[in-house]
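[1] Sequence plus predicted model, see below.
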Amino acid sequence: MVNRRDFLGKIGAGVVGLTALGWMKDVQAAAGSRPNIVIVIGDDMTWRDCEPYGNAEVKTPHMARLAREGMCLDAMFTATAMCAPTRQQFYTGLYPVRNGAFPNHSWVYDGVKSLPHHFRRLGYRVGIAGKTHFGPREAFPFETVGKGEPSPTEMTAPAEFINRDRNEPYLLVLGSRQPHVAWDKGDPEAYDPGKLTIPPYLVDCPETREALTQYYAEITYLDAQLGAVLKLVDDSGRRDETLVIFTSEQGAQLPFAKWTCYDQGLRTAFIVRWPGKVKPGTRTDAMTQYVDVVPTLIEVVGGDPSIVDTGRPDLQGRRGFDGRSFLRVLFGLTDTHRKYVFGVHTTRGIGKGSECYPIRSVRSRRYKYIQNLNHEAEFANVETAKVDGVLQAWAEKGKSDSQARSRERFYHQRPFEELYDLDSDPYELNNLAEDPAYAMQKETLKRQLLFWMDRQGDEGIATEMQAKERKGKYLAKHRKENQ
């Protein structure tokens, strides 16, 4: 057994110590194997919108292949359906309010450490190609791989990074910008708007269908990027030594997805391939969150995430991760991980956003509870501001269609509390918060949410009003003025 002091000493020397996991032998054998790690992150892709997660209309053959060769985590969640907070919780293992990056285009607090800090200490070279959307730079000391975002047909820089030194393990992130708007990649003509199936949380109208053709085309482009990365790994001759992750990030820039705490916003596709370790063609409904990913990967390579200093204490003075490893889930040893997953949305400071419209949520396997903390205000963002957008088309249809009118108005104005039975209502269309038959479920989830907020130092509206002070532009200007 390796004690704490010996373990830290070995990490400092670039040698990974093995932890006494107390698990089955196959898990112990995997720990410390130091696989290469490749992570492909989409951008504003709703989790349902690919073949492995049930949408056969979207052409995603490489995602489908990865699912056949690995495991789909069917209940992975980000805590925030916006790009910068999502990526920074993913890399730090800390929830957004605790790490400081809770508004969009924000930075983490000074001193926060992230994935490249931890893996460089573990003897890895750690690179990122494409989209970053984090800050300050010293909190995310990735090696920059190439200039801009690699296209499916131009992967020279990622290939050079992968093949640079075969004796040194690597971790490479490819941050795609698809299918984030503007939707200008891929071939929309590959999708016939008249033949698409419109999911129930959207209003069926020509504008919705046209938007989906452009959005789906971008997903197919993202899928081609994933395919190109998989080919790099195969061609490197180290496929069996490489763990590959694909994740879709948060939901699309369509109503009731991005900028919300509904499942269309917070739930994310997440597929893991690790030859010889993760059983191919498997799925799990164990509930996991993005803050769990870095602790898991540290354990994958033989480290002990429980002794890592994240650089940011919580209110109890603990400096460890908010997340915890789900390696046992990957090995099929358990189908449970978290009892609850949480959501936090900050509207203040986003493009065309409300002055103050904070949203918080908690979800169990069956029920989702949401608080709209300043519900008397109107919810707004760039989508509500478009004069020729999808929401405006819904409003026009609503003049003669009560269902369309109700859906469009609910996006703008919601009650203080929402409660959904996800078994019977997976698209969160029937709010049960005022139904006395569900009072016990609501109260249980409410207590869990308030406890989590308290642990995070989240003061709700007061925290929302600090959002602009966490924006990267504000912090960069403040730094410059104080130099």
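    Happy to help now that I have it.
[2] Model confidence score at residue 33, please.
    Looking at residue 33, its pLDDT is 74.
[3] so how many other residues sit close to it?
    16 (other CB atoms under 10 Å). Glycine gets a C-beta too; all of them are placed from N, C-alpha and C.
[4] just residue 144 next, same as before
    Applying other CB under 10 Å, I find that residue 144 has 10 neighbouring residues.
[5] That one and residue 127 touch, don't they?
    Yes. Residue 144 lies in contact with residue 127 (CB atoms under 8 Å); the separation is 7.3 Å.
[6] ok, the closest residue to residue 406 other than its chain neighbours - how many residues close by?
    Leaving aside its chain neighbours, residue 406 sits nearest to residue 398 (7.6 Å; criterion: CB to CB, 6 or more residues apart in numbering). Using other CB under 10 Å, residue 398 has 18 neighbouring residues.
[7] begin at 26 from here
    All set: I'll call the first residue 26, so the last point we hit is now residue 423.
[8] which residues sit in contact with residue 423?
    When contacts are counted by CB atoms under 8 Å, 6 or more residues apart in numbering, residue 423 is found next to 429-434.
[9] Among the residues you listed, the buried ones, what's the PyMOL command?
    Per 16 or more other CB atoms under 10 Å, the buried members of those correspond to this PyMOL selection:
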select buried, resi 429+430+432+433
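[10] for the contacts of residue 423, which one is nearest residue 389?
    residue 432 (25.6 Å; CB to CB).
[11] In terms of secondary structure, what does the helix or strand the closest one falls within contact?
    Assigned by DSSP states H and E, residue 432 belongs to helix 427-437. Under the contact criterion of 3 or more CB pairs under 8 Å, 6 or more residues apart in numbering; DSSP states H and E, helix 427-437 touches helix 415-422.
[12] what's the spacing between the helix it packs on and its chain's center?
    29 Å (CA atoms, centre = their mean, to the nearest Å).
[13] Please work out the angle formed by the directions of it and helix 427-437.
    Angle of helix 415-422 versus helix 427-437, following axes from the mean of the first three to the mean of the last three CA atoms, to 10 degrees, is 140 degrees.
[14] Please work out which residues outside helix 415-422 touch it.
    So helix 415-422 is in contact with 227-228, 230-233, 236, 279-280, 408-409, 411, 429-430, 432-433, 436, going by CB under 8 Å, 6+ apart.
[15] again, only using 6 Å
    228, 230, 232-233, 236, 280, 408-409, 429, 433 (CB atoms under 6 Å, 6 or more residues apart in numbering).
[16] Now the buried members of those.
    228, 230, 232-233, 236, 280, 408-409, 429, 433.
[17] hmm, back to that, quick one: which of the contacts of helix 415-422 is nearest to residue 308?
    residue 280 (28.5 Å).
[18] The closest one - nearest residue in space that isn't next to it in sequence?
    residue 436 (5.1 Å).
[19] Count the residues that sit near the one you found.
    21.
[20] For it, report the pLDDT, please.
    98.
[21] got the contacts of helix 415-422 as CSV, with secondary structure columns?
    Listed next are the contacts of helix 415-422 as CSV, based on DSSP: H, G, I helix; E, B strand; the rest coil:
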residue, secondary structure
228, coil
230, coil
232, helix
233, helix
236, helix
280, coil
408, helix
409, helix
429, helix
433, helix
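[22] show me what contacts residue 485?
    Residue 485 touches 383, 398, counting by CB under 6 Å, 6+ apart.
[23] typo on my end, it should be residue 406
    284, 375, 377-378.
[24] Out of those, which is nearest to residue 113?
    residue 375 (15.4 Å).
[25] That closest one contacts residue 128, correct?
    No. Counting by CB atoms under 6 Å, residue 375 does not reach residue 128; the two are 7.1 Å apart.
[26] neighbour count winner among these two?
    residue 128 (29 against 21).
[27] How about the more buried one, nearest residue that isn't a chain neighbour?
    residue 492 (3.9 Å).
[28] pLDDT score for residue 506?
    84.
[29] picking that back up, tell me which of the contacts of residue 423 is nearest to residue 465?
    For the contacts of residue 423, the nearest to residue 465 is residue 431 (28.0 Å; CB to CB).
[30] for the helix or strand harbouring residue 196, what is the average pLDDT?
    According to DSSP H and E, residue 196 maps onto strand 195-200. Mean pLDDT, computed over strand 195-200, is 98.
[31] which helices and strands does it pack with?
    On a contact count with 3 or more CB pairs under 6 Å, 6 or more residues apart in numbering; DSSP states H and E, strand 195-200 meets strand 61-66, strand 150-155.
[32] can I get those strands in a markdown table with distance to residue 206, mean neighbour count and mean pLDDT?
    Compiled in a markdown table, the helices and strands packed on strand 195-200 are given as follows (distance: least, CB to CB, whole Å; neighbours: other CB atoms under 10 Å; pLDDT from 0 to 100):
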| stretch | distance to residue 206 | mean neighbour count | mean pLDDT |
| --- | --- | --- | --- |
| strand 61-66 | 17 | 24 | 98 |
| strand 150-155 | 17 | 22 | 98 |
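[33] Let's have these in a markdown table, adding distance to residue 371.
    Supplementary listing: these in a markdown table, determined by distance: least, CB to CB, whole Å:
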| stretch | distance to residue 371 |
| --- | --- |
| strand 61-66 | 21 |
| strand 150-155 | 25 |
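[34] how about these, which one is nearest residue 194?
    Counting by CB to CB, and looking across all of these, nearest comes strand 61-66 at 5.5 Å.
[35] From the contact counts, what lies against the helix or strand just after that closest one?
    Downstream of strand 61-66, the next assigned helix or strand under DSSP H and E is helix 86-94. In terms of contacts (3+ CB pairs under 6 Å, 6+ apart), helix 86-94 is packed against helix 231-260, strand 295-298.
[36] rounded to a whole number, what's the mean pLDDT of whichever helix or strand comes after helix 86-94?
    Per DSSP H and E, the first helix or strand lying C-terminal to helix 86-94 is strand 96-98. In this model, strand 96-98 has an average pLDDT of 98.
[37] In strand 96-98, which residues are buried?
    Applying 16+ other CB under 10 Å to strand 96-98 flags 96-98 as buried.
[38] which residues are in contact with the helix or strand that it is followed by?
    Going down the chain from strand 96-98, the next helix or strand is strand 101-102, by DSSP H and E. Strand 101-102 is contacted from outside by 291-293, 295, 313-314, 366, using CB under 6 Å, 6+ apart.
[39] Just put the contacts of helix 415-422 in a markdown table and tack on pLDDT.
    Shown next, in a markdown table, are the contacts of helix 415-422 (pLDDT from 0 to 100):
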| residue | pLDDT |
| --- | --- |
| 228 | 98 |
| 230 | 98 |
| 232 | 97 |
| 233 | 98 |
| 236 | 98 |
| 280 | 97 |
| 408 | 94 |
| 409 | 95 |
| 429 | 97 |
| 433 | 97 |
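[40] separation between the nearest residue in space to residue 225 that is not next to it in sequence and residue 372?
    Excluding the flanking residues, the one nearest residue 225 by CB to CB, 6+ apart is residue 452, at 4.7 Å. Distance, residue 452 to residue 372, using CB to CB, to the nearest Å: 22 Å.
[41] and the gap between residue 425 and residue 227?
    For residue 425 relative to residue 227 (CB to CB), the value is 18 Å.
[42] Please read the previous query as pertaining to residue 260.
    40 Å.
[43] These two: who's more crowded?
    Taking other CB under 10 Å, residue 260 and residue 227 do not tie; residue 227 has more neighbours (20 against 12).
[44] Please tell me I have it right and the more buried one contacts residue 237.
    No. Between residue 227 and residue 237 there is no contact under CB under 6 Å: 8.3 Å.
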